[in-house]
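Visitor: Take a look and give me a structure for this.
(one chain, ligands or ions: 2)
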Amino acid sequence: MFFCLNDNVKIRYLFEIAFEVLFLRWRMRNINKENFNDIYIRAVEKEYAKIDGKWLQLHYRTSIVLVIFSFLVELVMGVFLINSDMLGTTVYKFFIKFLIIPSGINFIFIVLNMLIIKSKRLSQTFKIYLVSLIFTCIDFILFTVHGAFVATYYIASIAIMLTIIYANYYVTGITALASIISMVVSELFIKWDVDKISIFQSTHRLSEFLITLITLITFSIACMVVIQFKRKKNSAILQKEVERQELQQSVHIDEMTGIYNRKAFRDKLKYVEDTASDVKHILAIVDIDKFKNVNDTWGHHIGDRCLIEFAKILKEYDTNIIPFRYGGDEFCLLFQDISLEAAETICREIQSKVNELVFDDYPELKLAASFGLAAISDKVDTVKLFIHADHALYEAKKLRNSVRVFRLDETIEH
Ligand code: GH3
Ligand code: MG
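Guide: Numbering: from 1, shown residues only. Ligands and ions are numbered 1, 2, ... in the order given. Now for the predicted structure:
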């Protein structure tokens, strides 16, 4: 018992409790209710979705930049061609055909893209598909308008490349397929630019087209391989992180009872102190009465069973309290944001449940426990909180099977 120690040991003991800190994020309350891995994986997936959302914005903006950039290039080219007398058509026709119509259509795509991005009804995944495909449509307009130059087909690679970040085979696959089909359709069926030579008229054009097609297909396959490795890397990182977190968690769990251990208790106290707020904290220290007798009479394995059953009762209250096994037959219960009276009522409830415990094979075996409670609200001083609760327990132990509360006026209430 704490009060049996001499003052120096007590101070050292309390300092140890207060200052031994491990930098572990506190996730106590949820662990008992949900599988830790699921919580963690879901949190990581949420983080991934956030990054995808940011990339989607950039993806959409890139399509705007591409449209504006191609408009400006076309404008500069037009001015250059007019001044160099190399224009094969009238200025009016040139601007309509190469500037107004393609930029107009692409402008419509941009507006569509904007509506998709702003939509609250569409899911993020669906938006990703649509934005990727609209990018392909913009590319299609650009390389179709400039069909005279086979090299413009390479614009399609931008649409494919921008999807890699999503690490989604379907998004990249569909975008690549749409790009390649649109390229073939544009080459075979559309002749926007009169200077375009058909692949059926020129073997040079045919070979250039085939080289471009093969390059784009190879590029698409390469993108899929990149995605495969990116996904492998992500899942390996996730797996390792889950293992690390599991290990950290196990360090904080009492193996036998499955509730938090003394180390977790120290960390929690430190956390409470570091994040001091107006929240009222109540600590109850509980010690099973005459537990040595249980061990001596029924054996240690029955003693262990008693501790497990006791912890089970504490777990029933995990919405109100965080239970810790402090050591041996001593437990700590941390209450947050409830009144001292409510905490006392809960302790009495636990006490009567402990008294009512029945061990089938040992009907004579009865358990009792003593509770010492203390509260602290203004400045959270966990050392003081522990001393007060231990003092109340010391008083409770005089009677045994009782609950005592330490009040700020230093009197013990019965
Ligand atoms: P008191 O009413 O004053 O608390 O009497 P007590 O006999 O319970 O005394 P105390 O709390 O000091 O003793 C705790 C005993 O708990 C000592 C030890 O034999 C026993 N104990 C500690 N850890 C374990 C454990 O993991 N399993 C079992 N079975 N017994 C344990
Ligand atoms: Mg005891």
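
Visitor: Tell me the buried residues in stretch 252-271?
Guide: Neighbour-count burial for stretch 252-271, with 16 or more other C-beta atoms under 10 Å as criterion, is recorded at 252-254, 257, 259-270. Placement of C-beta: from N, CA and C, glycine included.

Visitor: Name the residues that touch stretch 325-336?
Guide: Contact with stretch 325-336 is made by 254, 256-257, 259-262, 265, 268, 272, 279-288, 291, 307, 310-311, 314, 317, 320-324, 342-343, 346-347, 389, as judged by C-beta atoms under 8 Å, 6 or more residues apart in numbering.

Visitor: Ala284 belongs to a strand?
Guide: Yes. Under DSSP: H, G, I helix; E, B strand; the rest coil, Ala284 falls within a strand.

Visitor: got the contact list for it?
Guide: Ile321, Cys332, Leu333, Phe335, Ala343, Cys347, Phe371, Gly372, Leu373, Ala389.

Visitor: Restricted to buried residues, select those residues in ChimeraX.
Guide: To isolate the buried members of the contacts of Ala284 in ChimeraX, using 16+ other C-beta under 10 Å:
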select :321,332,333,335,343,347,371,372,373,389
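
Visitor: Adding distance to ligand 1, write the contacts of Ala284 out as JSON lines.
Guide: Supplementary listing: the contacts of Ala284 in JSON lines, determined by distance: C-beta to the nearest ligand atom, whole Å:
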{"residue": "Ile321", "distance to ligand 1": "21"}
{"residue": "Cys332", "distance to ligand 1": "14"}
{"residue": "Leu333", "distance to ligand 1": "16"}
{"residue": "Phe335", "distance to ligand 1": "22"}
{"residue": "Ala343", "distance to ligand 1": "21"}
{"residue": "Cys347", "distance to ligand 1": "16"}
{"residue": "Phe371", "distance to ligand 1": "12"}
{"residue": "Gly372", "distance to ligand 1": "12"}
{"residue": "Leu373", "distance to ligand 1": "17"}
{"residue": "Ala389", "distance to ligand 1": "15"}
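
Visitor: May I ask which helix or strand encompasses Ile322?
Guide: In the assignment (DSSP states H and E), Ile322 maps to strand 321-327.

Visitor: Now do that strand: distance to the chain's middle.
Guide: Strand 321-327 sits 27 Å away from the centroid of its parent chain (C-alpha atoms, centre = their mean, to the nearest Å).

Visitor: How about stretch 331-346?
Guide: Mean C-alpha position of stretch 331-346 versus that of the full chain (C-alpha atoms, centre = their mean) differs by 31 Å.

Visitor: That one near ligand 2 at all?
Guide: No. Against ligand 2, stretch 331-346 shows no contacts by C-beta under 5 Å from the ion, the least distance being 10.2 Å.

Visitor: Now do the following helix or strand past the strand holding Ile322: distance to the chain's middle.
Guide: Heading C-terminal from strand 321-327, the first helix or strand you meet, by DSSP H and E, is strand 330-336. The chain centroid and the centroid of strand 330-336 are separated by 29 Å under C-alpha atoms, centre = their mean.

Visitor: tell me the angle of strand 330-336 relative to strand 321-327?
Guide: Per axes from the mean of the first three to the mean of the last three C-alpha atoms, to 10 degrees, the angle that strand 330-336 makes with strand 321-327 is 160 degrees.

Visitor: Thanks a lot, see you next time.
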